[in-house]
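Enquirer: A structural model of the following input is requested.
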Amino acid sequence: MSELWKYRRVLTRATLYFLALCFLGAAVFPQYRSIALGMVLGSSVSLANSFYLGYKVQKVLDSVEGGGSKRVNMGFLTRAALSVLAVVLAYKRPETFNLYAVAATLVLAQFLLLFIGIRLSRKQE
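Expert: Numbering: from 1, shown residues only. Here you go, the predicted model:
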């Protein structure tokens, strides 16, 4: 399962670089601060959701390896609730977080994982 750790490490680095750019944008361009902070909130929740999904996948794999018949879910409701919480926070505080920026960056980790997977698969060939 070393692939999962490799993907997680690259995803964390890429997301942290993106967060640094967003914070820098919020500091340099105060007129776009709510957009940049909305992108920070959305991408942070996206990263947390991807970590939680990776944790649940690891639990399922461990359950299958151990031969356990215990039913393990993938935690969809938890991840959905975290995303809804971020959107509600942006809805309640529009002066701080841009709602559209939050909603757009909630899928950032999934797109980054797609590109990371393509890059790492080409690197192995």
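
Enquirer: separation between the residue lying farthest from the centre of the chain and Val57?
Expert: Largest separation from the mean C-alpha position in the chain: Gly67, at 30.6 Å (C-alpha atoms, centre = their mean). Distance of Gly67 to Val57, computed by C-beta to C-beta, to the nearest Å: 18 Å. All C-beta atoms are positioned from the backbone trio N, CA, C, and that covers glycine.

Enquirer: picking that back up, tell me which element the residue farthest from the centre of the chain is part of?
Expert: In the assignment (DSSP states H and E), Gly67 maps to no helix and no strand.

Enquirer: Just the pLDDT at it, thanks.
Expert: Gly67 carries a pLDDT value of 75.

Enquirer: got the contact list for Leu47?
Expert: Leu11, Thr12, Thr15, Leu108, Ala109 (C-beta atoms under 8 Å, 6 or more residues apart in numbering).

Enquirer: What is the neighbour count of the fourth one?
Expert: Counted with other C-beta atoms under 10 Å, the burial measure for Leu108 works out to 21 neighbours.
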